[in-house]
Every structure is written in C-alpha cells, then in structure tokens.
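>>> heads up, no residue letters with this:
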C-alpha cells in the first residue's frame, strides 16, 4: 500500500519526467513490495527455525532427565510464544524482544545442561 502510494504520488506525479533522479525514485518505489514480502517470509522462517530449535533443545533430556527438561521446556514455550507474536504483530518491538530473549535463551539452555549434568554425574 505504501509502495503504491509512493509510486503514484511521488514518482509518477512529481519525479518521473522532471528529474534525472527518476530511476532512483522509481527503483525505491518498486523495491517496497519486495521488502515487505521478504520481512513476512523472514518472520515465517524464524518461527519454523524456533520450532526446530525447541525440538533439538529437548534432545539432551533423554540423558539428563527432568532436571534439564522442565526448565528448558519453560524456556522453549516462551521462545515459541515470542516467535509467534513477532509473526502476528510484525513490529520492530516484537522482533527485538524475540532477538533479545534468544540471547538469554541460549545462555539459559546451556546453564540448564551444565547444572543437570553436574547433578546427574555428581
């Protein structure tokens, strides 16, 4: 929608025949739909990768048991929630929250593995 309005108002009515910058302005107008589509595809991919990450993060539970599985399942649930919310809302804020949580998530999953290994092995 924004790309179409920009194309009609800015490019066609003001720049197309009046400036040497018509190629730059027209290229920007043409790029907007592609950028919007790539953001949506990226968010869907993030959700798919989050699902795979959750499955992989639970594999150590087979050897480390419930002391690993319970806290990691809680971490996984919140990760999936944030990924789904980022896909639904499509805002910078929801994407930033998912990104920042993913940093905490990775450290927390590693810590859960280390603690569970010490308890199981010790």
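Ah, there it is. Every value quoted in this text rests on a predicted model; they were computed, and no experiment measured them.

>>> ranges for the helices of this structure?
Ranges of helices within the chain are 2-5, 22-57, 61-64, 66-89, 92-121, based on DSSP state H.

>>> now the angle from the last one to helix 66-89?
In this structure, helix 92-121 runs at an angle of 170 degrees to helix 66-89, with axes from the mean of the first three to the mean of the last three CA atoms, to 10 degrees as the basis.

>>> Which strands and helices lie in contact with helix 92-121?
helix 22-57, helix 61-64, helix 66-89 (3 or more CB pairs under 8 Å, 6 or more residues apart in numbering; DSSP states H and E). Placement of C-beta: from N, CA and C, glycine included.

>>> Tabulate those helices (CSV), appending mean neighbour count.
Below are those laid out as CSV (neighbours: other CB atoms under 10 Å):
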stretch, mean neighbour count
helix 22-57, 14
helix 61-64, 14
helix 66-89, 17
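
>>> Which of those helices comes out lowest on mean pLDDT?
In terms of mean pLDDT, the lowest-scoring of those is helix 22-57 (a mean of 77).

>>> I figured residue 47 hits residue 85, correct?
No. In this structure residue 47 lies outside contact range of residue 85 using CB atoms under 8 Å: 10.0 Å.
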